[in-house]
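Chemist: sequence first, then the predicted structure, then my questions.
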Amino acid sequence: MTVATDRLDHVSEDGIRQLVDAFYVKVRADAELAPIFARAIPGDWQPHLSKMYAFWSSVMLTTGRYKGNPVAKHLIIPDMKPALFERWLALFDATCREQFDNATSDAFRVKAERIAESLKLALFYRPDRPWPPEPTP
């Protein structure tokens, strides 16, 4: 006997919108991430959400819809630290698992981990310091 599920077994524009919307509900409620996002996005969230729809559409569906520079955007955010990416990834993975079947969720996770590592390297890597950085207590 199989159990019916509402989780999607493929990536679509609609699925990406649902994922992004559900993920940012979690972000805005998260004790670690909410204050940082509230400072970075103090007003209307829709422009950011629309960029994230385009970003994940470009990443997962290779649509080329995203036109932006995530490194430049993240460089100007105060209080950014490598550990925040782990929290972001945990919430993103949990949201993916709620929205998609295991294979599709895993595909998002792999991409998200690569993106997070690239951003961390761009934001925090310095040749004169050890990598990965030591966690701050």
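Modeler: Right, received. Where do you want to start? Numbers count the residues shown, from 1 in each chain.
Chemist: and the gap between A38 and F85?
Modeler: Shown here: A38 relative to F85, a distance of 18 Å by Cβ to Cβ, to the nearest Å. No exception for glycine: its C-beta is placed from N, CA and C like everyone else's.
Chemist: between these two, which is the more surrounded one?
Modeler: With other Cβ atoms under 10 Å as the criterion, A38 and F85 differ in neighbour count, and F85 comes out ahead with 20 against 11.
Chemist: and the nearest residue to that one once chain neighbours are set aside, what does it touch?
Modeler: On the basis of Cβ to Cβ, 6 or more residues apart in numbering, the spatially nearest residue to F85 that is not a chain neighbour turns out to be A116, at 4.5 Å. For A116, the contacting residues are F85, W88, L89, by Cβ atoms under 8 Å, 6 or more residues apart in numbering.
Chemist: now do R28
Modeler: When contacts are taken as Cβ under 8 Å, 6+ apart, R28 is in contact with A34, F37, A38.
Chemist: for my notes, confirm it occurs in a strand.
Modeler: No: counting by DSSP: H, G, I helix; E, B strand; the rest coil, R28 is not found in a strand; it is helix.
Chemist: and it, how far from H48?
Modeler: Counting by Cβ to Cβ, the gap from R28 to H48 is 11 Å.
Chemist: pull up the overlap in contacts between these two.
Modeler: Counting by Cβ under 8 Å, 6+ apart, nothing touches both R28 and H48.
Chemist: least trustworthy helix or strand in this structure by mean pLDDT?
Modeler: One helix or strand of the chain scores below all others by mean pLDDT, DSSP states H and E: helix 70-75, with a mean of 88.
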